[in-house]
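Peer 1: sequence first, predicted coordinates after that:
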Amino acid sequence: MDLSGFIVQLLNGLAGASSLFLVGAGLSLIFGVTRIVNFAHGSFYMLGIYIAYSLADRLGSGWFWPALLLASIAVGLVGALVEVTLLRRIYRAPELFQLLATFALVLVIKDAALWLWGPEDLLGPRAPGLTGSIDLLGRRFPTYDLFLIFIGPVVLGLLWLLLTRTRFGTLVRAATQDREMVGALGVNQAWLFTAVFALGAMLAGLGGALQLPREPANLGLDLLTIGDAFVVVVVGGMGSIPGAYVAALLIAEIKALCIGIGNVELFGIAFSFSKLTLVAEFLVMAVVLVVRPWGLFGRPQGTSRNSAPPEEPLRAAGNGLKIAGAVLLLALAAMPLATADAPYLTVLAIDLLTAALFAASLHFIMGPAGMHSFGHAAYFGLGAYAAALLVRNAGLPMELALVLSPVAAAVGALLFGWFCVRLSGVYLAMLTLAFAQIVWSVTFQWDEFTGGSNGITGVWPAEWLSDKTHYYWLTLALVALAVLALRRILFSPFGYAMRAGRDSLLRADAIGIDVKRMQWVAFVVAGLFAGLAGALYAFSKGSISPDVLGVGRSVDGLVMVLLGGLQTLSGPLVGAVTFTWLQDTVARSTDYWRALLGGIILLLVLAFPQGIAGFVRQLFAQRKEAVQ
């Protein structure tokens with residue numbers, strides 16, 4: 001790459017950084033003040049470009065620039081409406097439970113966009129007055145990209161003035177540092193949160209609207225954008241607007257340079273830097289979080305003063321629960337015989353069982369261990385790919401592959417967990433996401449070994465398990481044993497020590513518990529059982545693809561755990577069965593299944609803020625007290 005090409009790539013990075021900064025700045029404000037993990041922020045970006053397209057198309061080319069501003073304002077109003085009608089009702093719920101509500105909102109908004117604008121990509125008009133290009137060292141560079149380079153610093157300056165020269169900005173900065181104290185001083189937190197959420201949504205909408213001349217509006221922009229936005233916020237430092245700009249600049253420039261460098265040969269080995277664009281931001285985030293856990297411009301998080309209700313101690317199962325569990329297990333074992341005329345039910349039951357084990361393994365580190373993971377699909381996928389590769393490439397029998405696959409996932413958890421357990425809160429969650437995306441990128445691009453985007457086919461179980469009923473019984477037996485093993489671990493001295501570290505790190509350390517080592521071991525145990533779920537899934541489907549490692553799989557696991565209830569041992573099982581069954585049933589009943597599924601999840605969130613299993617447990621406890 002010559003000098004002119006290098007400069008053009010740097011300018012391309014600057015242009016991309018502006019839009020990324022707008023989205024990241026909005027999410028940083030929302031993150032910093034409300035502590036909401038807003039999965040719907042990418043949907044606001046998507047709405048911005050769609051609304052800008054419609055306004056520009058209806059109003060004509062003379063109204064192009066006002067259309068972009070009106071689109072961002074419209075998205076801001078949508079954000080305010082969402083905060084008032086939905087999020088304000090669940091502020092007292094656990095923070096991660098709010099993630100479930102915003103995930104449901106993603107599904108609703110995606111299908112709303114599908115209904116309004118259709119499934120086709122929509123290419124907007126060129127920006128009036130900026131349709132040409134300039135000559136730069138013998139290369140042509142779009143004039144509109146120069147405009148985008150200018151926009152980023154302008155918005156940064158305006159936000160700086162807003163946050164440092166106005167009373168509203170003072171309140172926002174104060175809430176970012178200590179929102180409980182702001183409320184104690186008499187500030188109306190409800191309307192402050194609404195204003196901040198609307199401002200953050202408006203910035204995301206503006207970021208999307210400004211991309212209208214550069215890229216088509218499509219339904220995949222929401223999830224593509226939210227990952228980058230989370231990276232910008234975490235790398236820059238939660239609540240830091242300058243940090244968001246520096247992080248966006250750093251990530252965009254690295255990706256632009258990777259494209260510019262292209263294919264090179266290092267020590268006789270051909271290497272494609274352009275492939276790093278799929279994972280460059282997550283590599284940056286992983287490095288930053290390992291070196292500086294609170295981000296480049298962030299500060300260590302203070303202890304929250306929220307008076308969350310204390311969790312009840314876990315209690316061993318009574319005789320009644322043991323009998324009910326045995327009866328349920330017998331009923332599940334007899335199910336294929338009773339539904340012989342409906343073989344699809346057996347296939348669905350296998351999916352439900354693997355989902356239940358995956359959710360139970362995630363709950364093991366999220367609930368009792370108190371470690372939030374956004375990348376648990378990495379271990380599910382490692383188990384699945386290990387099973388496929390051991391059978392197809394190594395020629396091992398299916399039975400041996402089923403034993404070794406969870407070990408491969410546990411090794412991955414051993415490596416990644418060493419870094420992850422040194423962090424906490426949202427930074428821990430984002431580092432798990434970064435490692436998961438790195439594993440996904442390697443799997444997606446290593447065509448010679450993993451099959452790349454095509455995956456691996458022909459991963460079938462042994463001949464004696466070729467009948468789906470037989471494979472179902474094997475899956476039921478292994479899942480039941482795995483769930484019982486996880487439960488037994490929780491009631492062992494290790495489980496009690498793990499929960500002690502979650503409830504009071506200082507007290508646990510004072511009595512001699514090595515909390516970080518306990519968390520590391522818990523990470524490996526969770527990865528082991530997630531890998532078993534992945535291996536069972538691979539043999540049940542007969543093939544495997546990189547989707548099993550993607551963000552969507554990790555989000556599904558989070559939804560299962562939170563939907564069932566984080567504070568109950570049965571919660572992940574109930575949540576996994578409920579979510580998987582709903583997903584299968586709703587998807588077959590309507591083209592707009594995402595909106596219907598999202599609406600059902602929202603209703604469950606509002607009706608059962610402690611999860612389905614948590615609500616049932618609370619109901620039985622209230623009846624018991626009433627009888628006494």
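Peer 2: Arrived safely, thanks for sending. Numbering: from 1, shown residues only.

Peer 1: state the pLDDT value of residue 75.
Peer 2: On the pLDDT scale, residue 75 is placed at 96.

Peer 1: what sits up against whichever strand or helix holds it?
Peer 2: Here residue 75 sits within helix 64-85, counting by DSSP states H and E. Identification of contacts with helix 64-85 by Cβ atoms under 8 Å, 6 or more residues apart in numbering yields 40, 44, 47-49, 51-52, 55-56, 59, 105, 125, 127-128, 193-195, 197-206, 208-210, 212. All C-beta spots, glycine's among them, are computed from the backbone N, C-alpha and C.

Peer 1: pull out the buried members of the residues you listed.
Peer 2: Those of the contacts of helix 64-85 that meet the buried threshold are 40, 44, 47-49, 51-52, 55-56, 105, 127, 193-195, 197-206, 208-210, 212, by 16 or more other Cβ atoms under 10 Å.

Peer 1: for the stretch 51-200 of the chain, which spans come out with low pLDDT?
Peer 2: By pLDDT under 70, the low-scoring segments of the stretch 51-200 of the chain are 92-95, 176-180.

Peer 1: residue 143 contacts residue 134, doesn't it?
Peer 2: Yes - Residue 143 lies in contact with residue 134 (Cβ atoms under 8 Å); the separation is 6.2 Å.

Peer 1: when those two are compared, which one has more neighbours?
Peer 2: residue 143 (14 against 11; other Cβ atoms under 10 Å).

Peer 1: the nearest residue in space to residue 34 that is not next to it in sequence: helix or strand, and which one exactly?
Peer 2: Of all residues not flanking residue 34 in the chain, residue 193 sits nearest, at 5.2 Å (Cβ to Cβ, 6 or more residues apart in numbering). Using DSSP H and E, residue 193 falls within helix 189-210.

Peer 1: give me the packing partners of the very next helix or strand once past that helix, helices and strands only.
Peer 2: Going down the chain from helix 189-210, the next helix or strand is helix 221-236, by DSSP H and E. Counting contacts by 3 or more Cβ pairs under 8 Å, 6 or more residues apart in numbering; DSSP states H and E, helix 221-236 is packed against helix 3-34, helix 41-59, helix 95-117, helix 189-210, helix 241-261, helix 280-291, helix 425-445, helix 551-564.

Peer 1: now render these as CSV, adding distance to residue 602.
Peer 2: Formatted as CSV, these follow (distance: least, Cβ to Cβ, whole Å):
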stretch, distance to residue 602
helix 3-34, 18
helix 41-59, 14
helix 95-117, 5
helix 189-210, 17
helix 241-261, 29
helix 280-291, 30
helix 425-445, 22
helix 551-564, 11
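
Peer 1: wait, residue 4 sits on residue 137?
Peer 2: Yes - counting by Cβ under 8 Å, residue 137 is a contact partner of residue 4 at 3.6 Å.

Peer 1: on that earlier part again, give me the angle between the helix holding residue 75 and helix 41-59.
Peer 2: With axes from the mean of the first three to the mean of the last three Cα atoms, to 10 degrees defining the directions, helix 64-85 sits at 140 degrees from helix 41-59.

Peer 1: count of neighbours near residue 409?
Peer 2: 31.

Peer 1: check contacts around it.
Peer 2: Residue 409 sits next to 379-380, 382-383, 386, 527-528, 530-532, 534 when contact means Cβ under 8 Å, 6+ apart.

Peer 1: ranking those by neighbours, who comes first?
Peer 2: Most neighbours among the contacts of residue 409, by other Cβ under 10 Å: residue 379, with 38 neighbours.

Peer 1: quick one: average pLDDT of whichever strand or helix holds it?
Peer 2: For residue 379, the host element (DSSP H and E) is helix 377-392. Mean per-residue pLDDT for helix 377-392: 94.

Peer 1: returning to that earlier point: just the closest of the contacts of residue 409 to residue 474, please.
Peer 2: residue 532 (11.8 Å; Cβ to Cβ).

Peer 1: how about that closest one, nearest residue that isn't a chain neighbour?
Peer 2: Closest residue to residue 532 apart from its sequence neighbours, by Cβ to Cβ, 6+ apart: residue 406 at 4.3 Å.

Peer 1: now do the buried residues in the helix or strand that neighbour falls within.
Peer 2: Taking DSSP H and E as the definition, residue 406 sits inside helix 398-420. Neighbour-count burial for helix 398-420, with 16+ other Cβ under 10 Å as criterion, is recorded at 398, 401-402, 404-406, 408-413, 416-417, 419-420.

Peer 1: my read: residue 136 touches residue 8, true?
Peer 2: Yes - contact criterion Cβ under 8 Å: residue 136 and residue 8 qualify, at 6.3 Å.

Peer 1: which of those two has more neighbours?
Peer 2: Taking other Cβ under 10 Å, residue 136 and residue 8 do not tie; residue 8 has more neighbours (21 against 13).

Peer 1: looking at it, the more buried one is touching residue 135, isn't it?
Peer 2: No - checked against Cβ under 8 Å, the pair residue 8 and residue 135 is beyond contact range at 11.2 Å.

Peer 1: so residue 298, which of the three states?
Peer 2: Under the three-state scheme (DSSP: H, G, I helix; E, B strand; the rest coil), residue 298 adopts coil.

Peer 1: ok, now which ones touch it?
Peer 2: Taking Cβ under 8 Å, 6+ apart, we find residue 298 in contact with 236-240, 243.

Peer 1: over to residue 175?
Peer 2: Residue 175 makes contact with 32-33, 182, 187, 189, 192, 196, according to Cβ under 8 Å, 6+ apart.
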